[in-house]
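Peer 1: Would you be able to build a 3D model of this:
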Amino acid sequence: MIDSTHFILAYTGTDNDGYIKTFSIDGNYAITELNSLEHDTVLGQYNSLVMIDSTHFILAYTGELNGGYIKTFFVEAPKTDVPYALSTVGGGQFLIMNSGTTYTATSTTDINDSQWHHIVGSYDGTTMKIYIDGTLEDTNTDFSGNLPTNDGNVRIGADYQPTPDNFFSGLIDDVKIYNYARTAAQIAWDYNKGKPAGHWKFDENSSGSADGDSLIDSSGNGNAGTGIDGANDAGLSWTSGKINYGIAFDGTDDYVDIGDTNYNINTVSFWLKADSLTESIIDLDGGTHTASSTSGTISANGFVSPTIYVDGSLGSTIDTGWHHITLITDTAIDANNMDIGRVGAGYFDGIIDDVRVYGYARAAHQIKQDYLNGAAVRFGN
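Peer 2: I've put the predicted structure just below:
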């Protein structure tokens, strides 16, 4: 065995002639013959193989018309150092191999679904990351330091081994390699210009009841919400918002049911005009990760190392006027049971407008711009 896929076979065949053959076996166990040499005493064909080192060989043999030949050849060893590789293995995988040890970050989204996907692998010297469609899906910190090096070629559509294999079947477009680790915001911009994973503008109507109304997800990801005004059958209504229109909640049993967004979320932003300083605002997953206010202080409950912005600046204090709130978590949250205006048995009293969730941490300048865009439009009180 030369390596895991290449082999040399020496055997005695017809008329006791000696043969040396090399062949490969691919991932589907298909055998391909690469070269063949015959040692034939009748024809005077003799050969002798001498290994110089683990990859270089000399072959001396007698060939046509008893001519003497000496050939040197190179059998490349399998790669033990691979600075980076992206593949569809496991549904989507970013790989680094260092001295034969493989390190991987694997996606939770299966990209082998005949649909277009944006896949990114990044490494910053300490952490490997894989992003699918602008969203961080896995990290690995087992490898650190400089990337390994080798003198092989960059390949698109085949693996990194000396003899290309595991050929890609499908379409590939817009391949980029950077000499630095892209940030989450840059990767999201590459994917869809930084668009949110969910965006509820609340602009479907200007007045009347919002109960039972379908609330469009303007991100294009199809996570429409449903207005629910609860048992009292009153309260949830359309009104003037911060940007065009918004929804008024009565603080008793009104909420907007979004459900499972099918996204991992790092940023939540919204405009609110609360009727009191203590309110239940948004629930991302049935009570574990929520947004609320207590005595005028915004909290990002359950968020990992949360960062809170009020009106485009770091801070957490609000009053009963209009405010733009942005909450960021270091660890993504699976927004699998999202409600707007309800957290458990607590309900929001006031107006909410322009709710957005992102699969990456918005940068400070982006948050400032989000606030300024809304602050420049004033249709309500």
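Peer 1: what about the strands in the stretch 1-150 of the chain?
Peer 2: Along the stretch 1-150 of the chain, counting by DSSP state E, counting those that start in this stretch, strands occupy 6-12, 18-25, 31-39, 47-51, 56-62, 68-74, 82-87, 93-98, 101-106, 119-123, 128-132, 135-140.
Peer 1: Please work out the average pLDDT along the fifth one.
Peer 2: I take that to be strand 56-62. Strand 56-62 shows a mean pLDDT of 64.
Peer 1: Same check on the third one?
Peer 2: Taken as a whole, strand 31-39 has a mean pLDDT of 67.
Peer 1: Repeat that for the last one.
Peer 2: If you average the pLDDT over strand 135-140, you get 91.
Peer 1: what's the next secondary structure element after that strand?
Peer 2: Next helix or strand after strand 135-140 toward the C-terminus (DSSP states H and E): helix 184-192.
Peer 1: Can you dump the C-alpha atoms of stretch 202-221 in CSV for me?
Peer 2: Output of stretch 202-221 as CSV, limited to C-alpha atoms (Å, rounded to 0.1, in the frame of the first residue of the first chain):
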residue,chain,number,x,y,z
PHE,A,202,-45.5,45.6,10.8
ASP,A,203,-46.6,47.8,7.9
GLU,A,204,-49.5,45.6,6.6
ASN,A,205,-52.2,48.0,7.8
SER,A,206,-52.6,51.4,9.4
SER,A,207,-55.6,50.8,11.7
GLY,A,208,-58.0,48.2,13.0
SER,A,209,-57.5,44.9,14.7
ALA,A,210,-54.3,42.9,14.0
ASP,A,211,-55.9,39.7,15.4
GLY,A,212,-55.3,36.8,13.0
ASP,A,213,-53.4,39.0,10.5
SER,A,214,-50.4,37.4,8.7
LEU,A,215,-47.4,39.6,9.4
ILE,A,216,-44.9,39.4,6.5
ASP,A,217,-41.3,38.4,7.0
SER,A,218,-39.6,40.9,4.7
SER,A,219,-36.3,39.0,4.8
GLY,A,220,-37.7,36.6,2.2
ASN,A,221,-37.1,33.6,4.5
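Peer 1: So that it lines up with my notes, have the first residue be 45 from now on.
Peer 2: With the count now opening at 45, the last piece we talked about shows up as stretch 246-265.
Peer 1: Need the contact partners of that stretch.
Peer 2: Applying C-beta atoms under 8 Å, 6 or more residues apart in numbering, the set of residues contacting stretch 246-265 from outside is 239-245, 267-273, 277-278, 280-285, 287-291, 300, 305-307, 396-399. Bear in mind the C-beta positions are built from the backbone N, C-alpha and C, glycine included.
Peer 1: Can you pull the poorly scored residue ranges out of the stretch 295-425 of the chain?
Peer 2: Residue ranges of the stretch 295-425 of the chain with pLDDT under 70: 420-425.
Peer 1: for Thr76, what are its contacts?
Peer 2: Thr76 neighbours (C-beta under 8 Å, 6+ apart): 67-70.
Peer 1: Give me the buried subset of the residues you listed.
Peer 2: 67-68 (16 or more other C-beta atoms under 10 Å).
Peer 1: Any chance of the contacts of Thr76 in CSV with pLDDT and distance to Gly359 as columns?
Peer 2: Shown next, in CSV, are the contacts of Thr76 (pLDDT from 0 to 100; distance: C-beta to C-beta, whole Å):
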residue, pLDDT, distance to Gly359
Phe67, 71, 68
Ser68, 77, 63
Ile69, 77, 63
Asp70, 73, 59
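Peer 1: ok, so of the contacts of Thr76, who is nearest Thr207?
Peer 2: Checking those against Thr207 by C-beta to C-beta gives Ser68 as the nearest, at 6.4 Å.
Peer 1: Adjacent strands (with direction) for the helix or strand encompassing Ala376?
Peer 2: Using DSSP H and E, the element containing Ala376 is strand 366-378. Here strand 366-378 is paired, per DSSP bridges, with strand 308-318 (antiparallel), strand 351-354 (antiparallel).
Peer 1: Output the contacts of Thr76 in CSV, with distance to Arg226 appended to each entry.
Peer 2: Listed next are the contacts of Thr76 as CSV, based on distance: C-beta to C-beta, whole Å:
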residue, distance to Arg226
Phe67, 42
Ser68, 36
Ile69, 38
Asp70, 34
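Peer 1: Test of understanding: give the bridge partners of the most centrally placed residue in the chain.
Peer 2: Centroid-nearest residue in the chain: Tyr175, 1.9 Å away (criterion: C-alpha atoms, centre = their mean). For Tyr175, the beta-bridge partners under DSSP bridges are Val164, Leu180.
Peer 1: And it, how far from Asp182?
Peer 2: Tyr175 is 9 Å from Asp182, where distance means C-beta to C-beta, to the nearest Å.
Peer 1: ok, now which ones touch Gly295?
Peer 2: Each residue near Gly295 by C-beta under 8 Å, 6+ apart is listed here: 319-320, 323, 391-394.
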